[in-house]
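Q: Any chance you could fold what I've pasted below:
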Amino acid sequence: MANRKPEDIRSIAIVGHGGAGKTSLTEAMLFGSGVITRMGRVEDKNTVSDFDPEEQKRSISINGSLCSFEYRGYTMHVLDTPGFADFVGEQRSFMRVADSCLFAVNGNSGVEVQTLKLWEFAADFKSAVMFYVSRLDKENASFANAVADIQASVSGNALPLCLPIGAEASFTGVVNVIAGKSYTYNGGSKDFTEGDVPADMADAAASAREALIEKVVEADDELMTRYLDGEDLPPADIRGAVRKAVASRILFPIIPGSSAGNIGVSQIMDAITDYLPSPLDMAPRSAAKDGAEVEIAPDIDAPFTALCFKIMIDPYVGKLSFARVFSGKLTSDQTIYNVNRGEEERISSFRILRGKEGAETKEIITGDIAAIPKLDSASVGDTLSVKGQTVLFPPIQFPRPVYSVAVTPKSRADEDKLGNAVRKILDEDKTLDFAKHPETNDSILSGMGDTHLDIALSRIKDRYKVDLDTVTPKVPYRETIKKTAKAQGKYKKQTGGRGQYGDVHFELSPREKGSGVTFEDKVVGGVVPKNFIPAAEKGLREAAAKGVIAGYPAVDFNCAIFDGSYHDVDSSEMAFKIAASMAFKKAFAEAAPILMEPIMNVAVTVPEDYVGDVMGDFNGRRGRITGVDPDGKMQVVKAQCPQAETFRYAIILRSMTGGRGSFTMEFSHYEEVPAETAKKITEAAERERKEEED
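A: Purely as a prediction, here's the structure:
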């Protein structure tokens, strides 16, 4: 890939719902460009882009992968992305750095839920978009139905650039409505025969051409005037207008095809080079410099700037940092500067990747996407530049995890290796989170769904030899009181020598939610010496941390020590700690104790058809609906729900809405647990305590 020019580079993220044929299309493009001599199949676990063992085991794409190759003198950086919602982090990061998106839509299933979500991402990133209707050689596939679905669900500005010749098993080629040519394939070969438009398709091709022209002249005033004057526009002018319209998001071309049958793939690659933007066609990228907003133009003569958008740990090469170059160029004999970390590192080479295989290059330029080996400081979202530059690109925005499990190492050896394994997994995947819960002491692994966490745990085990057990996380219940109560705690122990004596009187009274535990010294007359008061407070706080009802922390009360007694010889700090614990437990039990549970604010975004189901489900979870607000074509159901009822909500919502729903959740406040539920929690805590004692 020597002597590249930015104007001859195309970076394309292939996106769409799972099962739409993205990986198969990537494979067919590699075959069509001559890079590989035999096409692999997802089912055979031998495709270039699905090389991860977990991908091959599950026959789905999990990671985004980069396949760079040359075609017709152009450099193509093809980014094959996962289609399932659990891997939204890879989708967002890859779409952030690509100049355009090729949406794969299954010719049988039409527009599916993840396609709609990805369309929103493409709009956020202002990406040029082209559609590929795939698998048209399969039974019940329909190009017309898929086009109608795209136009109704996504955009009315999506129009066919090509039409299919035949349907299902008789699908043999495509007609380019601009060129007025047919391309007929034979038996899965990448070769095709060019010819005239079939007579029975002439009217359909003319109609599609007219619709396309009416749309694209909106991007060119001069062409619009000629068209309105009745001039017959030549194909070259139409192609130029299509390119402008695509870059301006006025037009989203649709091309039919079959990756497995290798039909229409050459026309897709031609359309990419002809109509999708080069880096130089892109608007300047917004960035920050010394606190001010600046724009970074795609200029090869400007200072080098790039964004790290993916980290991959290769078992042979080590850490690979994927970067997209937005301006300038860099050679491998220079140093690279991580602006976010303030660290400068030497580099030895860059790798132009094709799946897991890579070829070294000594230079990367504006528009390139490459991997940089052994860049220790880099993390996803970091801006890479050269020393002296302070430009920072906005970080990649990832959704917060919505599904969690508590993990426990199976052995001491697993425990010792867990920290290193988790650190590397989190470095690769920014939609994962791992934290120790301060109240329950659970080690919580969080992600985007059960499949996401299942894969993360499998990688931790296979790569780093750490075996983990998983359970549902504990709910951080709390205990508190509703009325004031007094009690005495007296600890007296006589042995052969010096004894133990401590005596305190406590009064507990409730405080406002969230105000914590306070300790008040109301002792008069020195009945409890001042030097034992701190011990009494310590005993109280240690006992409160373990609770009384079910072993959960006691909170939001004031404890006043107002009386007691001591012994000149036998009293000690330990004795007063024990006495304080006894007094606390007695008083707490008499002060109308209750269990408190965390309540979460939940916002569920769903199509209107599912609003009733979502609301009914919340009612069955002890939840309260607080509102329903419109959000474009969707509705946002807002509710408050006990955390205990939400641990599997990501799975339940996906099942309830066919994957069309999404949600966010955050802590709101604590509320009293209903009596019947509190009884079950208390009984479970008692059983657990007895099991530990046995």
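
Q: Could you use CA atoms for every contact and neighbour count after this?
A: Will do.

Q: which secondary structure element contains the residue nearest the centre of the chain?
A: For the chain, Gly89 is the residue whose C-alpha lies nearest the centre (C-alpha atoms, centre = their mean; 3.2 Å). Element membership of Gly89 [criterion: DSSP states H and E] is helix 88-97.

Q: likewise Glu222?
A: According to DSSP H and E, Glu222 maps onto helix 221-228.

Q: after that helix, next one along is what?
A: Scanning onward from helix 221-228 (DSSP H and E), the first element met is helix 235-247.

Q: Run through who's touching that following helix.
A: 127-129, 178-179, 213, 216-220, 223, 251-253, 274-277, 281 (C-alpha atoms under 8 Å, 6 or more residues apart in numbering).

Q: ok, residues contacting stretch 304-311?
A: Against stretch 304-311 from outside (C-alpha under 8 Å, 6+ apart): 93-94, 97, 319-330, 378-386, 391, 393, 396, 427-429.

Q: got it, and stretch 650-666?
A: 113-114, 400, 402-403, 448-450, 600-607, 610, 613-614.

Q: Filter the residues you listed down to the buried ones.
A: Buried members of the contacts of stretch 650-666, counted by 16 or more other C-alpha atoms under 10 Å: 113-114, 400, 402-403, 448-450, 600-607, 610, 614.

Q: which non-adjacent residue is nearest Asn619?
A: Ile625 (8.0 Å; C-alpha to C-alpha, 6 or more residues apart in numbering).

Q: mind checking the SS state of that neighbour?
A: strand (DSSP: H, G, I helix; E, B strand; the rest coil).

Q: how much space between it and Pro394?
A: Distance, Ile625 to Pro394, using C-alpha to C-alpha, to the nearest Å: 35 Å.

Q: So these two - more neighbours on which side?
A: Set Ile625 next to Pro394 and count neighbours by other C-alpha atoms under 10 Å: Ile625 wins out with 17 against 14.

Q: got the contact list for Ala550?
A: 681-682, 685-686.

Q: Out of the residues you listed, which end up buried?
A: By 16+ other C-alpha under 10 Å, the contacts of Ala550 give 681, 685 as buried.

Q: Let me know the closest of the contacts of Ala550 to Glu120.
A: Ile681 (42.9 Å; C-alpha to C-alpha).

Q: Next one: the nearest residue to the closest one once chain neighbours are set aside from Arg511, what distance?
A: Of all residues beyond its chain neighbours, the one nearest Ile681 is Ala550 (7.3 Å), with distances taken as C-alpha to C-alpha, 6+ apart. Using C-alpha to C-alpha, Ala550 is found at 20 Å from Arg511.

Q: Buried residues of the helix-or-strand element of the chain with minimal mean pLDDT, list them for me.
A: Lowest on mean pLDDT, DSSP states H and E among the helices and strands of the chain sits helix 53-58, with a mean of 85. Across helix 53-58, burial judged by 16+ other C-alpha under 10 Å covers 54-56.

Q: how far out from the middle of the chain is the helix or strand harbouring Ile594?
A: For Ile594, the element it lies in under DSSP H and E is strand 593-607. When distances are taken as C-alpha atoms, centre = their mean, to the nearest Å, strand 593-607 is centred 22 Å away from the chain's centroid.

Q: and what of stretch 613-628?
A: For stretch 613-628, the distance to the chain centre is 25 Å (C-alpha atoms, centre = their mean).

Q: what's in contact with it?
A: Contacts of stretch 613-628 (C-alpha under 8 Å, 6+ apart): 635-642, 645, 653, 656.

Q: One more: stretch 64-84?
A: 1, 4, 8-19, 22-23, 26, 30, 33, 35, 49-50, 60-63, 88, 90-91, 94, 98, 114, 273, 352-355, 368-369.

Q: what's the helix or strand containing Ile455 packed up against?
A: Using DSSP H and E, Ile455 falls within helix 450-464. Packed against helix 450-464, as judged by 3 or more C-alpha pairs under 8 Å, 6 or more residues apart in numbering; DSSP states H and E, are the following elements: helix 412-428, strand 443-447.

Q: Tell me who's in contact with Met448.
A: Taking C-alpha under 8 Å, 6+ apart, one finds 85-87, 400-403, 431-432, 650 in contact with Met448.

Q: Identify those among the residues you listed that sit within strands.
A: With strands taken from DSSP state E, the overlap with the contacts of Met448 comprises Tyr403.

Q: Can you tell me which of the contacts of Met448 are buried?
A: Of the members of these, the ones counted as buried by neighbours, 16+ other C-alpha under 10 Å, are 85-87, 400-403, 431-432, 650.
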